[in-house]
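**Student:** model this:
(one chain, ligands or ions: 2)
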Amino acid sequence: MELKSALKRCMRCGFCRASCPVFKETKNEGSVARGKLQTLLALLEGEIPASEKALLRLFECTTCDACSLACPAGVEVSPLIEEARRRYFAKLELPLHEWKVEITREMGNPFGEVMPRSEGEASVAYFPGCTTQFRAREIEQAALKLLSPLFDDLSVIRDFCCGAPLLTFGSAWEGFIARNRAKLEERGVDTLIVTCPGCYNTLRKHYRIEVVHLSALLVESLEELTFAPLSARVGYHDPCHLVRGANIYREPRELLEAVPGLELRELEHSQLKTRCCGAGGGFPLAFPELSARIARKRLEEAKRAKVELLTTFCPSCYLHLRTLAGEDLIVKDVTMLLAEEAER
Ligand code: SF4
Ligand code: SF4
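**Tutor:** Ligands and ions are numbered 1, 2, ... in the order given. Take a look at the predicted model:
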């Protein structure tokens, strides 16, 4: 659908206000989906100038899609925000976003690290993704520990970024993913197993390849896995991009419940109605304090549920919540917890 027509589907009812994590903090109409969509429409129709204030609204969004779930008109907000970012990115000065885009093009990843080599010749491969392999290696190691008994031969693809940072920040990316697709074809890889929700959604939507989320694979293999007992009250934070982006929320729970003695406690906002931790959509780059406030709200929910350990299934949520929790609460990716408890 053409962008303006999609924006005009918004009935201005304001139902999205109750669910937006950013609006909950700012109480500013411009922060919520209704305000953003009206601002964008006014920009496109030339009713307001493309001022820094107006354009910054497009980046004041974690792309959590809580608003889309609440919207009676069925407006899918985050794809509209991403499309708008593509149009206006070059007009706005966002140094950290620009650096991420430049460095992703130059070095192949948004952290400016040297890309490691891929390993193996198998057609099935684990794809850790940049955040995991450069900032949360413990998730990659845990995933490989869980996968190794299930596969005689498994490759690991490490030498490219899926392209999600370019897509999220609104930069051109078609050539970037075409090169990645060619690399997969050259290596004869036909199936990617992933742990990062951002990679999962990007690969699934934009690559011609089978993409499997580790949680789904492990649920299917539960008969082959045994876990040591863990006596603990454990919470699970549903990552927005995994639950609302990919409808995966039963599998992580099934896996946690397979650990003997583990008591799974639901947070107040869970499953499809999960509450964002503030880490998505490049939001912390431009709004670090707001992002931290949003994470603290989520951590307060974990405290109220009296959990001893908070889990999630996303490297970005894990890193963000772990940083903000400090010494108050242990935060782990589900992959890490399962690998620690896995028995051979
Ligand atoms: S809930 Fe949907 S229709 Fe209503 S104001 Fe928000 S985006 Fe517009
Ligand atoms: S996607 Fe999330 S942060 Fe963005 S406007 Fe909707 S509810 Fe708010």
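
**Student:** any low-confidence regions in the stretch 51-200 of the chain?
**Tutor:** Regions of the stretch 51-200 of the chain meeting the criterion pLDDT under 70 are absent.

**Student:** Which parts of the stretch 151-300 of the chain are helices?
**Tutor:** Along the stretch 151-300 of the chain, the segments classed as helices by DSSP state H, counting those that start in this stretch run 164-169, 174-187, 197-206, 214-220, 240-246, 250-257, 283-286, 288-304.

**Student:** Could you check how far the residue of the chain most remote from its centre is from ligand 1?
**Tutor:** Within the chain, the residue lying farthest from the chain centre (CA atoms, centre = their mean) is Glu47, at 34.0 Å. Glu47 sits at a distance of 18 Å from ligand 1 (criterion: CB to the nearest ligand atom, to the nearest Å). C-beta here means a position set from N, CA and C on the backbone, and glycine is covered the same way.

**Student:** now Gln133
**Tutor:** As for Gln133, its distance to ligand 1 is 36 Å (criterion: CB to the nearest ligand atom).

**Student:** List the buried residues of whichever strand or helix holds that residue.
**Tutor:** Using DSSP states H and E, Gln133 sits in helix 130-135. With burial defined by 16 or more other CB atoms under 10 Å, the residues of helix 130-135 counted as buried are Cys130, Thr131, Thr132, Gln133, Phe134.

**Student:** again with stretch 325-342
**Tutor:** Across stretch 325-342, burial judged by 16+ other CB under 10 Å covers 325, 329, 331-339, 341-342.

**Student:** what's the spacing between it and its chain's center?
**Tutor:** Relative to the centre of its chain, stretch 325-342 is centred 18 Å away, using CA atoms, centre = their mean, to the nearest Å.

**Student:** go on, stretch 32-40?
**Tutor:** On CA atoms, centre = their mean, the centre of stretch 32-40 falls 22 Å from the chain's centre.

**Student:** and that stretch, C-alpha only, in PDB?
**Tutor:** The C-alpha coordinates for stretch 32-40 follow below in PDB (Å, rounded to 0.1, in the frame of the first residue of the first chain):
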ATOM      1  CA  VAL A  32       2.800   7.800  20.400                       C
ATOM      2  CA  ALA A  33       1.800   6.100  17.100                       C
ATOM      3  CA  ARG A  34      -1.200   8.400  16.500                       C
ATOM      4  CA  GLY A  35       1.100  11.500  16.800                       C
ATOM      5  CA  LYS A  36       3.900  10.000  14.800                       C
ATOM      6  CA  LEU A  37       1.600   8.900  11.900                       C
ATOM      7  CA  GLN A  38      -0.100  12.400  11.800                       C
ATOM      8  CA  THR A  39       3.300  14.100  11.900                       C
ATOM      9  CA  LEU A  40       4.500  11.900   9.000                       C
END
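
**Student:** how many neighbours does the residue of the stretch 151-300 of the chain found nearest ligand 2 have?
**Tutor:** With CB to the nearest ligand atom, the shortest gap between the stretch 151-300 of the chain and ligand 2 falls at Cys276, namely 6.1 Å. Cys276 is flanked by 32 other residues according to other CB atoms under 10 Å.

**Student:** Now it. Nearest residue, chain neighbours left out?
**Tutor:** Among residues not flanking Cys276 along the chain, Cys64 sits closest, at 3.8 Å (CB to CB, 6 or more residues apart in numbering).

**Student:** likewise Lys36?
**Tutor:** Arg57 (5.4 Å).

**Student:** what does Ala6 give?
**Tutor:** Computed as CB to CB, 6+ apart, the closest residue to Ala6 that is not its neighbour in sequence is Leu80, at 5.8 Å.

**Student:** Dihedrals phi and psi, the one you found?
**Tutor:** Main-chain torsions, Leu80, degrees, to the nearest 10: phi -70, psi -40.

**Student:** hang on, it packs against Leu37?
**Tutor:** Yes - Leu80 is within contact range of Leu37, at 6.8 Å (criterion: CB atoms under 8 Å).
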